[in-house]
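# Model the following, please.
(chains A and B)
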Amino acid sequence: MLSLPKNFAELSPSEIIQKIVEQLKDVGHDYVIEELKDLMQTAIEIELATIPVYLYTYYSLSRKAKSGLNTGEQLDDYGVFTNQSAGVIMSVAVEEMLHMSLSSNILFALGGQPQLYMHSPQPFPTNLPHHFPKGPDGKDLSIPLAPFSFEQMWHFLEIEYPKAYTDIKPYFKDGKLEIEWSTIGQFYKYITEIIKALTSDADFQVGAKNDQIQQYNYSPNNIDTIYPTQAFGPWGIPAAQGAAAKEGTATLSPTTPTASAVSSYPNQADAGDLTPVASKEEVLAAIKTICDQGEGYDATSDDADFDDPSHQEDSHYFKFITIASKLADYKTYKENYPPHPVPPTPSANPFTCEELQKRGLLYNFPLSPMTRKTGLKEASNVYYDHACPTAPNGTVSVEDFRAGLLAVSDLCNGVYSYMLILTETIFQYPDPEQRLFFNNAMHRSMIWVLDKLIQSMRDVEFIYKDTTYNFAPTFENFNLGTRAEAYGNLLALIPAANDGLGAIGLGAGDLESIELQINQLPDVSDHWK
Amino acid sequence: MSKETTQNPGDPTPAEYPYKSAPVFPKQPYQFKEGTPLHACLGLNACKGLDRYGPEGPNGDGKTNECAGQGYCSTTADHQCHVRNDCRNQGGCGLYGTAEELDNPGVNDCKSLGSCATPINAERFSTNGPNQGYSVWARARKVFEERWDVLREEAIEAASIHGLDIDPPKSLGSAPAPFTEIGPPYLWVSENNQHRGNMTSCGASGLSGAGGCG
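Predicted coordinates:
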């Protein structure tokens, strides 16, 4: 039986963790492994919780501005900042997907089955699983789905806050010792200490390495994570590999450099990889990747800015605070930043979100929208089943408009939920068959279904309590039935979405290609019967 | 924010169209007989006459390219992105994919295992791996040259199986002018920015150098 460490209020987080790990030595190995499985499932849910939060804010930014302003040579300061902010947020979201995959691999290695379907946080705003109710600023840690703003960047900083500057709180719940964490780093510190002290390699060889998510499914960068640092000539030609300089030729646009010359790559290969695990050493390395990428390589030293040994990739925390430092409200939160990494100097000419919106670079997404008002405890300001059309009177009925919003939102949530089932199914596709499954399942669903659907949705406007908003994804857990029924139930959402397109101002073409791609997603029903 | 009204990205174009000497980009690739070795881009063809123009040649007078490696543009079904290729060796590469995939453009085992859009526009650079920041087309051509012995054997075998009238040479010719060193520029593919639908590429950053899909 575990007990609360004596005088724990006077102990440091590291001392509390050590005391609890010492107790775990006496409770039996089976208990420790079950505890570790529970912790890894929590880890998966923490990582999963961050993904919709980051994606929602990402999609609120328009990297394609009106009138081609955001394309190459016409890019201005606001266009560059928007593209950079979006690229950086996507680069972090990609690494959160890596973290979720690594945590899933560790749980699978222990003999567990990662649970993702219906495990996305709901409703928003939300705290992270097993986290303190208060954030580093003393206010409620209540993370919304929100458009890009300084306030939302502050929430991102709370998520990635360095562990050295916060506390933990052990307590009893239902006769079981639980711990409230205030940072993700502390949580993984606890897991690390348990693994170091109380496990052997054999504990991580229950689930075969070959069945875990393989390294070849991860790429640190892609065309969505990179961003231009200034205007560029859209017709310039990059150099061939091995050329003295990467700049290439911009002879067709002599006043501006090539796209390749001005591209910035937020993620680096040496910052960590997607590794299957079968030993303590591999598991600890995987957890170190997660922690380094989040809060920094060594969050109490001069290395705190970086998450990789080569010092080329900023930690998530530093990526976000760098973006935040370019916004006008950055100075007002000055007292809440930890001493390391040293906060960037505020921008002399900060950007404002009002101006971003005026320039067509920021969609007016609502705060934590939900598809339907259920009457349960929820804090959303906007429910699509109570929204009204912006169209002049008579062109579309309120009922038809709402039905259209609901059908498309349901499809979006259905796709999101099916993606979680697809992720769980990866573990049933061993290497090398996994490569083809992963491509067809994950890449197709993310880039060719969810991404395109959200991009169509966000051009739809609606009115809610006198405010005009853009239609945004709600990232709700959508009940597709059992995993064996899910694909059929996903396909069944398409006709209603098709019927509702016209009422919300979308054309048939907006869903045609998406429907085609949904039809090409793997039907994994047989894996779950 | 209301729905965007757009003008062509990329405008204004360079004052003088620089590819006047090149034939007009064919919107659709020629449909070759089953079994014909298809390829992802300009300069990657396995034999005389195998390119996007087919046996009619670029000017419609039956004068085709003379040699492997000299063909204009892709013969694969055009596609926009990672996983959307139909067949082996048909992925264009550069935008999404792993370091290994992006270092081997035009090389993939089967349908849905290829990376990125075809044809490979000259402006495209790799976003990942050893070729990060460098020309995708130049890398594709280099890989093609390095693999030519193997590809040639495969082409000979395909010709034998399918009764194709092709005879792949031992050495490759240069890619056609004026694109010999760079691959097909999007300015040419889009006919001086007039037909941006001739190919689209992917990604939201606006850096792929072709008509974007967002």
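
# Roughly how far does the residue nearest to the spatial centre of chain B sit from chain A?
Taking Cα atoms, centre = their mean, the centroid of chain B lies closest to B:Cys41, which sits 2.0 Å from it. For B:Cys41, the distance to chain A equals 14 Å [Cβ to the nearest Cβ, to the nearest Å]. The way it works is simple: take the backbone N, C-alpha and C, and place the C-beta from them, glycine included.

# my guess is that residue meets B:Ile120, correct?
Yes - the criterion here is Cβ atoms under 8 Å, and B:Cys41 meets it with B:Ile120 at 4.3 Å.

# returning to what we had before: give me every residue that touches the residue nearest to the centre of chain B.
Contact analysis of B:Cys41 by Cβ atoms under 8 Å, 6 or more residues apart in numbering or on different chains lists B:73-74, B:92, B:106, B:118-120, B:137, B:140, B:183-184.

# Could you do A:Leu521 as well?
A:418, A:422, A:440-441, A:444-445, A:449, A:487.

# as a whole number, average confidence for the strand or helix carrying A:Phe320?
Using DSSP states H and E, the element containing A:Phe320 is helix A:316-324. Throughout helix A:316-324, pLDDT has a mean value of 95.

# Quick check, pLDDT for the spatially closest residue to A:Tyr363 that is not a sequence neighbour.
The shortest distance from A:Tyr363 to any non-neighbouring residue, by Cβ to Cβ, 6 or more residues apart in numbering or on different chains, is to A:Asn470 (4.1 Å). What the model reports as pLDDT for A:Asn470 is 97.

# what is A:Asn470 paired to in the beta sheet?
A:Glu461 (DSSP bridges).

# Tell me how far it lies from A:Tyr59.
10 Å (Cβ to Cβ, to the nearest Å).

# so what sits against both of these two?
A:363, A:365, A:458.

# burial count for the first one?
Per other Cβ atoms under 10 Å in any protein chain shown, the neighbour tally for A:Tyr363 reads 22.

# Quick one: distance of stretch A:430-450 to the chain centre.
18 Å (Cα atoms, centre = their mean, to the nearest Å).

# For chain B, what's its nearest residue on the stretch 151-300 of chain A.
Here the stretch 151-300 of chain A gets closest to chain B at one residue, A:Ile223, 2.9 Å apart by Cβ to the nearest Cβ.

# what pLDDT, on average, does stretch A:477-490 get?
Mean pLDDT, stretch A:477-490: 98.

# Quick one: end-to-end length of that stretch, please.
Distance between the two ends of stretch A:477-490: 13 Å, counting by Cα to Cα, to the nearest Å.

# Need the residues that contact it.
For stretch A:477-490, using Cβ under 8 Å, 6+ apart, the contacting residues are A:117-120, A:122, A:410, A:413-418, A:421, A:424, A:518, A:521, A:523-529.

# Just the buried ones from the residues you listed?
The neighbour count (16 or more other Cβ atoms under 10 Å in any protein chain shown) marks A:117, A:119-120, A:122, A:410, A:413-418, A:421, A:424, A:518, A:521, A:524, A:528 as buried among the contacts of stretch A:477-490.

# Output the contacting helices and strands for the helix ranked longest in chain B.
Identified as the longest helix of chain B according to DSSP state H is helix B:148-162. Counting contacts by 3 or more Cβ pairs under 8 Å, 6 or more residues apart in numbering or on different chains; DSSP states H and E, helix B:148-162 packs against no other helix or strand.

# got the CA positions of that helix in CSV?
Output of helix B:148-162 as CSV, limited to C-alpha atoms (Å, rounded to 0.1, in the frame of the first residue of the first chain):
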residue,chain,number,x,y,z
TRP,B,148,20.2,3.3,-65.2
ASP,B,149,21.8,-0.2,-65.5
VAL,B,150,19.0,-1.7,-63.4
LEU,B,151,16.3,0.3,-65.0
ARG,B,152,17.6,-0.6,-68.5
GLU,B,153,17.4,-4.3,-67.6
GLU,B,154,13.9,-3.9,-66.3
ALA,B,155,12.9,-2.0,-69.5
ILE,B,156,14.4,-4.8,-71.7
GLU,B,157,12.5,-7.4,-69.7
ALA,B,158,9.2,-5.4,-69.9
ALA,B,159,9.7,-5.1,-73.7
SER,B,160,10.2,-8.9,-73.9
ILE,B,161,7.1,-9.6,-71.8
HIS,B,162,4.8,-7.1,-73.4
